[in-house]
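> here are the coordinates; sequence isn't available:
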């Protein structure tokens with residue numbers, strides 16, 4: 001039986017807004033008891049069109065309102081309210097700082113040992129909704145496929161490449177924005193619905209992660225939740241969460257951890273060759289998004305964060321021969 005409580009007072013204000021309005025609120029209770037603080041999130045009208053274009057307005061509240069099980073570390077959500085006519089929503093979730101969680105970003109990368117938790121969490125979730133499971137889960141009937149969106153072609157790529165300098169390999173400097181979008185990003189994104197699909201977080205870069213006091217990697221900001229091939233989540237997380245040297249050293253072991261965590265029947269379990277191929281191709285997404293973000297200066301992200309991630313995905317693009325992997329996927 002769920003205990004009902006009545007909030008008696010709310011203190012706080014706007015917090016660190018990004019593409020949404022966000023605030024930490026302190027609560028007092030007229031009856032019952034509950035968390036002393038909560039974190040709330042709603043649509044920022046100034047970014048409504050951008051959010052609608054790139055990630056959809058209601059995917060995160062729909063996910064948490066659906067009641068589906070997410071077998072990985074994530075914030076507890078107390079309420080998810082959607083106002084479709086007003087194009088707004090309200091999420092009331094736990095204040096992660098109240099349990100000592102440590103939000104991370106590109107300037108504070110994970111160690112390979114820490115990344116194991118994130119890789120295995122994604123594997124558990126992907127395995128739970130693998131292939132037909134994501135299509136037949138009634139609570140996910142609203143889930144859309146991951147498809148390309150328009151708008152990134154206007155990003156001034158030369159400014160990002162100039163800022164990266166020799167931190168980006170020659171193969172990346174040779175790209176134009178048109179080639180990056182049409183020959184790298186879109187072919188990879190189209191491949192996501194031509195292979196086994198699952199529930200995707202959709203945006204698990206390190207800035208959407210936190211570390212708990214017992215060393216678990218958690219994932220927040222599920223606004224880009226979609227269905228598509230597992231490789232997008234795995235590559236986008238791993239290639240940006242580690243330094244380039246750590247990724248190069250730990251990649252084979254981490255891919256094995258992912259496959260093991262899927263816990264699929266033998267006839268559904270992808271081979272290591274397939275995992276490596278699709279993982280290699282997945283660099284296309286992180287590279288495109290963070291070169292576009294880095295080209296925008298301070299508009300969408302702190303420049304030091306955007307450049308750090310653009311550098312890591314640029315190195316991975318060459319290390320993993322992403323162009324060659326995408327060509328193999330297209331066969």
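Here it is on my side, so go on. Every value quoted in this text rests on a predicted model; they were computed, and no experiment measured them. Numbering: from 1, shown residues only.
> low-confidence bits of the chain, can you list those?
Applying pLDDT under 70 to the chain picks out residues 1-3, 13-19, 46-47, 50, 52-55, 299.
> which parts of the longest helix along the chain are buried?
In the chain, taking DSSP state H as the definition, the longest helix is helix 244-262. For helix 244-262, a neighbour-count test (16 or more other C-beta atoms under 10 Å) marks 244, 246-247, 250-251, 254-255, 257-259, 261-262 as buried. In short, each C-beta sits where N, CA and C put it, glycine included.
> what is the burial count for residue 114?
Residues contacting residue 114 under the criterion other C-beta atoms under 10 Å number 17.
> the helix or strand containing it packs against which elements?
Counting by DSSP states H and E, the element that carries residue 114 is helix 112-128. On a contact count with 3 or more C-beta pairs under 8 Å, 6 or more residues apart in numbering; DSSP states H and E, helix 112-128 meets strand 197-200, strand 217-219, helix 231-241, helix 244-262.
> between those, which gets nearest to residue 35?
Within the helices and strands packed on helix 112-128, the stretch nearest residue 35 is strand 217-219; the backing value is 16.7 Å (C-beta to C-beta).
> which residues sit against the closest one?
72-75, 96, 101, 110, 114-115, 117-118, 121-122, 201, 204, 208-212 (C-beta atoms under 8 Å, 6 or more residues apart in numbering).
> give me the buried subset of the residues you listed.
Here, 16+ other C-beta under 10 Å leaves 72-75, 96, 101, 110, 114-115, 117-118, 121-122, 201, 204, 208-211 buried among the contacts of strand 217-219.
> residue 125 versus residue 64, what's the distance?
Applying C-beta to C-beta, to the nearest Å, the value for residue 64 to residue 125 is 14 Å.
> more neighbours, the two?
Neighbour comparison, residue 64 and residue 125: the larger count goes to residue 125, with 25 against 21 (by other C-beta under 10 Å).
> isn't the more buried one up against residue 74?
No - applying C-beta atoms under 8 Å as the test, residue 125 and residue 74 come out as separate, 9.4 Å apart.
> helix/strand/coil for residue 34?
When classified by DSSP: H, G, I helix; E, B strand; the rest coil, residue 34 comes out as coil.
> residue contacts, the nearest residue to it once chain neighbours are set aside?
Excluding the flanking residues, the one nearest residue 34 by C-beta to C-beta, 6 or more residues apart in numbering is residue 5, at 5.1 Å. By C-beta under 8 Å, 6+ apart, the contact set of residue 5 is 29, 31-34.
> with residue 259 instead?
For residue 259, the contacting residues are 123, 269-270, 272, 275, by C-beta under 8 Å, 6+ apart.
> repeat for residue 325
Neighbour list for residue 325: 277-278, 280-281 [criterion: C-beta under 8 Å, 6+ apart].
> neighbour-wise, which of the residues you listed leads?
Going by other C-beta under 10 Å, residue 281 tops the contacts of residue 325 with 29 neighbours.
> three-state assignment of the closest residue in space to that residue that isn't next to it in sequence?
The spatially closest residue to residue 281, leaving aside those adjacent along the chain, is residue 325, at 4.1 Å (C-beta to C-beta, 6+ apart). Following three-state DSSP, residue 325 is assigned to helix.
> and residue 325, how far from residue 45?
Remark: distance between residue 325 and residue 45 (C-beta to C-beta) = 40 Å.
> what ranges do the strands span in the stretch 1-150 of the chain?
Remark: strands assigned in the stretch 1-150 of the chain by DSSP state E, counting those that start in this stretch are 6-12, 20-31, 37-43, 77-83, 88-94, 102-103.
> what's the spacing between the residue nearest to residue 34 and residue 275?
Separation of residue 5 from residue 275 (C-beta to C-beta) stands at 46 Å.
> residue 256 too?
Distance of residue 256 to residue 275, given as C-beta to C-beta: 9 Å.
> ok, back up a step: which stretch among the strands of the stretch 1-150 of the chain comes nearest residue 236?
Evaluated with C-beta to C-beta, the strands of the stretch 1-150 of the chain place strand 102-103 nearest to residue 236, the distance being 17.5 Å.
> residues in contact with that closest one: which ones?
With C-beta under 8 Å, 6+ apart, strand 102-103 has contacts from 96, 209-212.
> let's see it at 10 Å
Strand 102-103 is contacted from outside by 96-97, 108, 206-213, 218, 220, using C-beta atoms under 10 Å, 6 or more residues apart in numbering.
> biggest separation within those residues, which pair?
Once C-beta to C-beta is applied, the contacts of strand 102-103 give 207 and 213 as the farthest pair, at 20.1 Å.
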